[in-house]
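Asks: Show me the folded form of this:
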Amino acid sequence: MTPTRLFSAPDSTAGSLRPDLPYGEVCAIHQPNLFPRLATLAKLFTADYWIVLDDVQFARRDYQHRACLASLDGSRPLRWLSISTHLPHGRSTTIRGARLADPARCRRRVVQLLADHYRHSAYWPPFKRRLEPVLAAFESTDRLADVTELSTRMLLEEVGWPGRILHSSDLLARGERSQRLADLAWLTGATTYLCGTGGMRYLDPAAFRVHSIEVLPFQTPASDIWASAREVSAVHALMLAGPCALRRELAALRGRVLAAGP
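Replies: Just a heads-up that it's a prediction; the model follows:
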């Protein structure tokens, strides 16, 4: 599912041509998250491909090693599912350099907390079976990014996302934040870059215009299944609605976002 191609962004984009890649036109760039929030899953679902931003600095206060869980009936407080993470190079450790501190314990915690919150859902038995490759990863690797990316892949597969995945660590791009994101999008032939509400606060659209890429703001609704989309893991929505209904919700949102245009 993951094509690996190495390209170099041009020093100047004047007169440059995009690589001839068989990918879609809508790009999302996001760190690998543990069972990502519904808003994050929706952004990735809307894109034709996801560039996994795995070579930036790990942030403990982000969602790279943790997910927020909500009970099915909302009767209990939100709870963090966190997996212990070791940073070999301290605060400068990149996401792909972060390691699981105790993989066996992390695996048990994932199983315990997910079952505690969702075992009474009608959709839990098939989800539990689909979870097995993620759990097995705790036994085969100590790389945090391997496990978290796999958890996101599993959710994307649950809702039938047909897109492709690449990794920023396989692509060469310049260093300034907006310029780097624009270069990464350009390298994959994108004409549209999906930007969440957080990114819109710092992103410089001019860096994308150089590549003839439109920046499309992405925001989820604030009601019904989307009420906690920016905080709670997409697993919660999946366990409430089931994969088919959630896919319909995601597809409808995708249609609205792309129809609105930049």
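
Asks: Quick check: the gap between residue 68 and residue 78.
Replies: Per Cβ to Cβ, to the nearest Å, residue 68 is found 5 Å from residue 78. For the C-beta atoms, the positions are set from N, CA and C on the backbone; glycine is no exception.

Asks: what do the two both touch?
Replies: Shared contacts of residue 68 and residue 78, defined by Cβ atoms under 8 Å, 6 or more residues apart in numbering, are found at 231-232.

Asks: Tell me the confidence at residue 262?
Replies: With respect to pLDDT, residue 262 scores 65.

Asks: okay but residue 67 is in contact with residue 41, surely?
Replies: No. Applying Cβ atoms under 8 Å, one finds residue 67 not in contact with residue 41, separated by 11.3 Å.

Asks: who has more neighbours, these two?
Replies: More crowded of residue 67 and residue 41, by other Cβ atoms under 10 Å: residue 41, with 28 against 25.

Asks: would that one count as being in a helix?
Replies: Yes. Assigned with DSSP: H, G, I helix; E, B strand; the rest coil, residue 41 falls within a helix.

Asks: Can you tell me the closest non-neighbouring residue to it?
Replies: Spatial nearest neighbour of residue 41, excluding adjacent residues (Cβ to Cβ, 6 or more residues apart in numbering): residue 234 at 4.1 Å.

Asks: Provide a list of residues in contact with the one you found.
Replies: Applying Cβ under 8 Å, 6+ apart, the residues near residue 234 are 35-38, 40-41, 155, 246.

Asks: Count the residues that sit near residue 143.
Replies: Using other Cβ under 10 Å, residue 143 has 18 other residues around it.

Asks: Residue 223 now?
Replies: 7.

Asks: Pretty sure residue 101 sits against residue 85.
Replies: Yes. Between residue 101 and residue 85 there is a contact under Cβ under 8 Å: 6.0 Å.

Asks: The two: which is more packed in?
Replies: Ranked by neighbour count (other Cβ under 10 Å), residue 101 and residue 85 place residue 85 first, with 19 against 15.

Asks: any idea how far the closest residue to the more buried one other than its chain neighbours is from residue 203?
Replies: Distance criterion Cβ to Cβ, 6+ apart; nearest residue to residue 85, sequence neighbours excluded, is residue 65 at 4.6 Å. Separation of residue 65 from residue 203 (Cβ to Cβ) stands at 25 Å.

Asks: Have a look at the two and say which one is more surrounded.
Replies: Counting neighbours by other Cβ under 10 Å for residue 65 and for residue 203 shows that residue 65 has the greater number, 25 against 19.

Asks: any idea how far the more buried one lies from residue 81?
Replies: 10 Å.

Asks: Which residues are in contact with each of the two?
Replies: residue 34.

Asks: What is the three-state secondary structure of residue 237?
Replies: From three-state DSSP, the assignment for residue 237 is helix.

Asks: ok, how many other residues are close to it?
Replies: 27.

Asks: Would you confirm that it contacts residue 38?
Replies: Yes. Between residue 237 and residue 38 there is a contact under Cβ under 8 Å: 5.0 Å.

Asks: Now do the shared contacts for these two.
Replies: By Cβ under 8 Å, 6+ apart, the residues touching both residue 237 and residue 38 are 225, 229.

Asks: Tell me, how many residues neighbour residue 175?
Replies: Residue 175 has 7 nearby residues by other Cβ under 10 Å.

Asks: Could you look up the SS state of it?
Replies: Applying three-state DSSP: residue 175 is coil.

Asks: hey, where'd the strands end up in the stretch 51-200 of the chain?
Replies: 66-69, 79-82, 85-86, 99-100, 164-167, 192-195 (DSSP state E, counting those that start in this stretch).
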